[in-house]
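Peer 1: Below: sequence and its predicted model.
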Amino acid sequence: MLNALSPASRLPAELLVAIFQLRTHDLVKFDRGNWGYDPSWITVTHVCRYWRDVALAAPLLWSNIVFKSRGVTEAMLARSESVPISVRLESGSRDSSQANLFLATHHADRMSEMHLVVPPRTVQTIFTMDKFCLPIIRKLHIDIDTSEPFHGVMLTDSHFAHQDSPLQSLSLHGVGLSLDPRLLRNLTYLQLVELHEGAKLHVVQLLVLLEPLVRLHHLELRGALRLPSFDPHNPGPHSIPNIEVDLPNLTHLYIEAYASDADIFIAHVKMPQEARLSLQFIVSSFEDILIAERFVPSVYMRSITSTPIRSASVIIRSNDFTLNLSAAIDCDYVRRPEGSLHLNFVDPLRHHAMSEWLMVLTALFCALPLREVSSLSISSYSTWLRADSRALKAAFSRLQNVQTISAFDSVEPVVMLAMRPDRLQSGYCFPLLQRIRLGCRLGEMSAETAREIIKHVADCLQVRQETSGIVPLSELSFSEDHVPKEYLENLKSFRNWMPPPFVISYGCPL
């Protein structure tokens, strides 16, 4: 019966509070749609007088502030008394909940967590309020719509009370930083995304920012650096500093930068060997790569260039091409196994760029520790690759332990040519190769292209089979379920001269 006595009153108040707190924690953790939780769950205040008294007397139950209505916000702020509060809100420009958010800003001195996804004007209003200060903030996430016109929003020294800020996690999307880096010395997580032009950092400014952050575990910079932010031939006011940044606890790194900036960053930042690296080099021309003297060793840290690839990704992106080297990380939402190398040629390369690109690829392969790579996957829409099988073969000769090759789209002919043993050389590409998995769609190709692929596949298999010192292939698979009849007999004929346990299959997932 409502508000009647209940046997639950036998439970100690401390135990009831602990149960209630676990419930509120679960709701905050999993109810992402509300960016907080709906306090209507607190029907416990109607179970009995004892439960109601316990709930109303427990400030922590009301510390995750909700902004659905002014009355609810005011009640929660009052009932949370003086305990630290968490503020979470995702709101559009016409959402009335923003007005309720301003009620909470008067309690900024109690905010331990602030997570806002709101229009720029809302953040600008909050940041310019008198006495808006976050002395006990531990987690700060602000995401504003950078497509809206606004004057730069900046997080400054005035938003922190003292040099010993407890801030541990900072994520800013569209919001700049203009503060003493020592305020961030307790950071373990730093994410800067799509900063407005006036807030983007020079690589030197980035180094100064990172110097005190010795506790940092996670660093992510997307659209946070000026492009280009440093010209080694014309240093200007931002000369290379005499600074060494030590990040001994770093485990995850993602940076988008010009090759020259990334070169400087890696040269001045010391990281542990087990750091999970993901460097995206944004280049407008091959000169941007070639002028970076430490470009190749900067792909992996200079101190661990002898360490095999374990978990790293490098993306070189330009108007001419995209080169993606990855291993053991989530790349384009695909989990690749440890010891894998993925080459992704996205944009059609201009013919005059072939020699420069092959030079870069060969330099990368020569410098990187590739002895542990056992799986190679290649995808491309660039048919020009067919003309450079020898140059590609020279680069691939570094991959001596590859056992599986997966090829997609239009690269099969050049891959087959690169895998074909060259009788004029003493060494062979992929001597341990056992499996070839092709993603070509023969039914969607012209008859001439399909015949060329089948011809190259057959020639490659036959020559490899007849060459001593090379492991015989055990598997050839095509990704599609239906292979056109005119090619099926040719493929089946491979079994006649390939010894067991050779297997050929169709519809194999790559």
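Peer 2: Arrived safely, thanks for sending. Remember, it's a predicted structure, so these values are computed and weren't measured experimentally.
Peer 1: Helices of the stretch 401-510 of the chain, start to end?
Peer 2: 412-419, 447-466, 485-492, 494-497 (DSSP state H, counting those that start in this stretch).
Peer 1: Below-threshold pLDDT in the stretch 251-400 of the chain: ranges please.
Peer 2: By pLDDT under 70, the low-scoring segments of the stretch 251-400 of the chain are 259-260, 263, 273-372, 379-391.
Peer 1: one more time with 80, if that's ok
Peer 2: 256-264, 266-267, 273-373, 377-399 (pLDDT under 80).
Peer 1: Ranking helices and strands of this structure by mean pLDDT, which lands last?
Peer 2: strand 330-331 (a mean of 36; mean pLDDT, DSSP states H and E).
Peer 1: L77 belongs to a helix?
Peer 2: Yes. Assignment of L77 by DSSP: H, G, I helix; E, B strand; the rest coil places it within a helix.
Peer 1: roughly how far apart are the nearest residue to it once chain neighbours are set aside and L134?
Peer 2: Closest residue in space to L77, ignoring its immediate chain neighbours: H107 at 5.9 Å, by CB to CB, 6 or more residues apart in numbering. Where you see a C-beta, it was placed from the backbone N, CA and C, and this is true even at glycine. Separation of H107 from L134 (CB to CB, to the nearest Å): 11 Å.
Peer 1: Pick out whichever of those two has more residues nearby.
Peer 2: L134 (20 against 15; other CB atoms under 10 Å).
Peer 1: Let me know whether the more buried one touches M114 as I believe.
Peer 2: Yes. Counting by CB atoms under 8 Å, M114 is a contact partner of L134 at 7.2 Å.
Peer 1: got any residues that touch both of these two?
Peer 2: L140 (CB atoms under 8 Å, 6 or more residues apart in numbering).
Peer 1: Give me the below-cutoff pLDDT ranges for the stretch 1-150 of the chain.
Peer 2: 1-11, 21-47, 68, 90-99, 130-131, 146-150.
Peer 1: where do the helices sit along it?
Peer 2: 13-30, 49-56, 70-79, 97-105, 120-127.
Peer 1: Now render these as a markdown table, adding mean neighbour count and distance to L172.
Peer 2: Below are the helices of the stretch 1-150 of the chain laid out as a markdown table (neighbours: other CB atoms under 10 Å; distance: least, CB to CB, whole Å):
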| stretch | mean neighbour count | distance to L172 |
| --- | --- | --- |
| helix 13-30 | 14 | 22 |
| helix 49-56 | 17 | 36 |
| helix 70-79 | 16 | 25 |
| helix 97-105 | 18 | 18 |
| helix 120-127 | 19 | 10 |
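Peer 1: As a markdown table, those helices with distance to V208 would be great.
Peer 2: Converted to a markdown table, the helices of the stretch 1-150 of the chain look like this (distance: least, CB to CB, whole Å):
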| stretch | distance to V208 |
| --- | --- |
| helix 13-30 | 36 |
| helix 49-56 | 49 |
| helix 70-79 | 39 |
| helix 97-105 | 30 |
| helix 120-127 | 23 |
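Peer 1: so which of those gets nearest R437?
Peer 2: helix 13-30 (39.5 Å; CB to CB).
Peer 1: Break down the stretch 101-250 of the chain into its strands, ranges please.
Peer 2: In the stretch 101-250 of the chain, the strands defined using DSSP state E, counting those that start in this stretch lie at 111-117, 139-143, 154-156, 169-173, 176-178, 189-193, 218-222, 245-246.
Peer 1: got these as CSV, with distance to Q163 columns?
Peer 2: Shown next, in CSV, are those (distance: least, CB to CB, whole Å):
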stretch, distance to Q163
strand 111-117, 19
strand 139-143, 17
strand 154-156, 14
strand 169-173, 16
strand 176-178, 16
strand 189-193, 18
strand 218-222, 22
strand 245-246, 20
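Peer 1: mind checking which of those strands is nearest E211?
Peer 2: Using CB to CB, the strands of the stretch 101-250 of the chain put strand 245-246 closest to E211, at 5.2 Å.
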